[in-house]
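J.: this is a predicted model, with the sequence first.
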Amino acid sequence: MVTSSSAPPPPSPDVLEDRDRHSEWVRLGTLTLLRWIAIVGQTGTIVVATSVLGMRLDPWLCGIAVGLSALSNALAMTLFPASQRLSERQALLILMFDTAQMAFLIGVTGGLNNPFALLILAPTTITATALKSRATAVVGALAVVLVTVIWRIHLPLVDGQGRVIEVPELFSLGQYLALVIGVVFLSLYARRVAYELHSMASALMATQMALAREQRLTALGGVVAAAAHELGTPLATIKLISSELAQDLTDAEARADARTIVEQADRCRDILRSMGDAGKDDAMVRQAPLSDVLREAAEPHARRGKTLHLPQPAADGREPFVQRRPEIIHALRNVIQNATDFAQANVWIDADWTADRLELSITDDGPGFSPGVIGRIGDPFMRGRQTGAEIARRPGYEGMGLGLFIAKTLLERSGAQLSFANGADPFLDKREVPARCGAIVTIVWPRAVIEAPRSAALGENPQVTA
């Protein structure tokens with residue numbers, strides 16, 4: 001088993017491709033605000049350095065550097081609304097300009113001898129957080145090139161007595177290497193963290209959509225049960241009266257019409273009965289025996305050519321009644337679907353409980369989890385390399401990891417702990433491989449958080465009758 005499947009339809013390829021494309025999320029007002037803060041800081045630093053510390057800085061060059069940034073900011077605020085979302089190219093150009101402006105200002109104020117040279121890392125970090133990897137590489141490469149230029153070509157930093165302040169060559173080289181490594185490291189670090197956050201946000205959205213869908217189905221089941229209950233008596237009355245009319249009428253055509261009414265009433269009864277059977281997700285039933293909940297979760301996969309071994313109701317009557325919540329059923333259904341997809345012929349669903357804990361184990365006889373991804377199971381958008389046999393078993397399956405992520409998230413929200421393992425060592429001889437050789441998903445709840453009071457249980461949903 002490589003990764004998991006997802007019960008709801010997977011996100012479209014465009015959505016998956018764009019999950020790290022968040023430039024459209026960046027408002028122009030955000031970047032202009034950050035730039036105004038930088039302008040105020042640069043201006044204040046120049047004023048303090050010249051007026052208080054007596055440094056001899058070129059006022060024209062410093063004014064050009066800060067003035068260009070202020071002018072571009074003012075134009076942006078005048079021409080565009082602050083709420084405008086920037087495209088990828090627009091955000092990239094703004095951050096490239098900020099990098100060049102910062103490098104120019106550092107170059108005319110001592111180069112890498114200026115202790116504020118590290119601020120050239122700021123635009124690269126923002127790019128790594130907000131834009132794609134390609135844009136991060138462009139801004140990072142620009143920053144490295146400009147740092148290299150100002151390392152060798154810069155105006156000297158002169159104090160009030162005319163002395164040139166310059167660090168030793170060894171420290172200058174160290175400062176240069178620190179900035180280059182900082183650009184690379186911070187870009188990779190910020191990019192990785194941003195990617196994880198964006199992936200988690202996308203996966204959580206998929207989880208919420210799946211849960212909302214399951215809750216809508218549950219509400220629909222309640223409507224179906226109520227409709228079956230309310231319409232059962234009128235249909236029975238219609239059938240009774242039309243049957244008596246069919247017996248009493250002498251006109252052949254009228255008798256045929258009465259029999260048609262009887263047939264249509266029977267048809268309505270059958271439709272309501274089938275809808276009632278499919279609609280056992282009745283919102284009125286909030287708890288059920290554990291075996292019934294597992295059977296309900298596994299039912300959609302019972303006719304897929306694999307044998308599902310479900311636990312039988314406890315004969316001693318001590319079987320726990322558990323909360324029959326849509327998110328729990330949906331999560332268990334995802335795990336069972338994953339096992340069914342990769343099983344050769346059998347899926348075992350076992351339940352065990354003690355006075356303080358309830359444990360479920362879902363095992364299959366498939367190839368098991370791939371060793372390369374078993375430590376990351378449950379992460380969203382996790383892709384594993386698939387063999388030809390796996391692709392043939394699940395054509396079109398891309399292995400995004402959303403199925404188990406949704407299941408893991410929903411089950412952990414219900415108080416469960418999940419663990420993943422394989423039932424057999426991949427190096428065992430075929431004769432030594434046990435029957436349950438595939439993936440094993442173990443789900444453990446504290447009994448107090450999942451069990452429903454037996455006195456409050458409503459029992460099995462009654463069959464809908466006409």
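T.: Thanks, I have it. Numbers count the residues shown, from 1 in each chain.

J.: which parts of the stretch 351-466 of the chain are helices?
T.: 388-393, 402-413, 447-450 (DSSP state H, counting those that start in this stretch).

J.: how about Gln417, what does it touch?
T.: Residues in contact with Gln417 (CB atoms under 8 Å, 6 or more residues apart in numbering) are 443-445. C-beta here means a position set from N, CA and C on the backbone, and glycine is covered the same way.

J.: if you could redo that for Tyr189, that was the one I meant.
T.: Neighbours of Tyr189 in contact, by CB under 8 Å, 6+ apart: Ala128.

J.: what about the protein, any weak spots by pLDDT?
T.: The chain contains residues with pLDDT under 70 at 1-25, 199-208, 210-230, 273-285, 315-317, 378-402, 425-430, 432, 454-466.

J.: so where do the helices sit in the chain?
T.: 13-17, 28-47, 59-79, 88-107, 121-130, 133-152, 169-248, 252-278, 290-298, 326-342, 388-393, 402-413, 447-450 (DSSP state H).

J.: what about Phe420, distance to Ser72?
T.: 52 Å (CB to CB, to the nearest Å).

J.: and the residue nearest to Gly29 when sequence neighbours are not counted, what does it touch?
T.: For Gly29, ignoring the flanking residues on the chain, the nearest one in space by CB to CB, 6 or more residues apart in numbering is Ala82 at 3.2 Å. Shown in contact with Ala82 (CB under 8 Å, 6+ apart): 27-29, 32.

J.: same check, this time on Arg413
T.: Per CB under 8 Å, 6+ apart, neighbours of Arg413: Glu327.

J.: before we move on, back to that, now, of the contacts of Gln417, which are buried?
T.: Neighbour counting with 16 or more other CB atoms under 10 Å marks 443-445 as buried within the contacts of Gln417.

J.: mind putting the residues you listed in JSON lines, distance to Gly41 included?
T.: Formatted as JSON lines, the buried ones among the contacts of Gln417 follow (distance: CB to CB, whole Å):
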{"residue": "Ile443", "distance to Gly41": "53"}
{"residue": "Val444", "distance to Gly41": "53"}
{"residue": "Trp445", "distance to Gly41": "53"}
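
J.: distance of the nearest residue to Cys437 once chain neighbours are set aside from Ile443?
T.: If you skip the residues right next to it in sequence, Cys437 has Ala424 as its closest partner in space, 3.8 Å away by CB to CB, 6+ apart. In this view, Ala424 and Ile443 are 21 Å apart by CB to CB.

J.: next: Ala65.
T.: Ala65 is 60 Å from Ile443, by CB to CB.

J.: buried sites along stretch 115-130?
T.: So stretch 115-130, judged by 16+ other CB under 10 Å, has buried residues 117, 119-130.

J.: so who does Leu231 touch?
T.: 268, 272.

J.: distance of it relative to Leu177?
T.: Per CB to CB, Leu231 is found 80 Å from Leu177.

J.: give me every residue that touches the spatially closest residue to Thr127 that is not a sequence neighbour.
T.: The spatially closest residue to Thr127, leaving aside those adjacent along the chain, is Val139, at 4.3 Å (CB to CB, 6+ apart). Val139 sits next to 92, 95-96, 99, 123-124, 127 when contact means CB under 8 Å, 6+ apart.

J.: dump those residues into TSV; add distance to Pro289 as well.
T.: Output for these, formatted as TSV (distance: CB to CB, whole Å):
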residue	distance to Pro289
Leu92	59
Leu95	60
Met96	64
Thr99	64
Pro123	61
Thr124	59
Thr127	56
